[in-house]
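S.K.: Build me a model:
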Amino acid sequence: VIPAPVIHVESYSEDSITFSLKMTTNIKVSGYVVNIYWTFDTHRQEKRTLIIEGEKSIQKVTNLTAHTPYEISAWAKTELGDSPLSFVHVVTGGTRPASPSLKAKAINQTAVECSWMGPRNVV
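M.R.: Sure, this is the predicted structure:
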């Protein structure tokens, strides 16, 4: 039986998560497939996929959104086949930026004029 990999969150900040991957067995691992999921609103889930070569790995995922829940799932590619999935959840630090204010104005039956403003003082 192939065990699921161990995902350990090493650290996190407002815009990044650092995690390690390893197996608790002597089965040869050629790499990992990692999916990172997050939701900006209730209607749309986002995903980023990482293909990682090698047996042991420390990864840093950057360009994330502050104070946002992320789900990291991973499976190992081994000499005996793919392992089961492993999951970990983490919320990035900081304060989540405000949503942009959206204004929509009907121009005619087939056109809409949209304008929006994002948060101010964003570095």
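S.K.: Retrieve the pLDDT associated with the residue nearest the centre of the chain.
M.R.: The geometric centre of the chain, computed from its C-alpha atoms, lies nearest to residue 36 (C-alpha atoms, centre = their mean), at 2.8 Å. In the prediction, the pLDDT value recorded for residue 36 is 97.
S.K.: just for the protein, where's the confidence low?
M.R.: In the predicted model of the chain, residues 119-123 satisfy pLDDT under 70.
S.K.: Tell me the residue in it that is farthest from the middle.
M.R.: The chain, C-alpha atoms, centre = their mean, max distance from centroid: residue 108 (39.7 Å).
S.K.: Name the SS class of that residue, please.
M.R.: Remark: residue 108 carries the secondary structure label coil [criterion: DSSP: H, G, I helix; E, B strand; the rest coil].
S.K.: Where does the residue nearest to the centre of the chain sit: helix, strand or coil?
M.R.: In three-state terms, and counting by three-state DSSP, residue 36 is strand.
S.K.: what is it paired to in the beta sheet?
M.R.: When assigned by DSSP bridges, residue 36 has beta-bridge partners residue 48, residue 72.
S.K.: so it makes contact with residue 47?
M.R.: Yes. Taking C-beta atoms under 8 Å as the definition, residue 36 is a contact partner of residue 47 at 6.9 Å. Yep, even glycine has a C-beta here, placed from its N, CA and C like the rest.
S.K.: That concludes my questions; thank you for your assistance.
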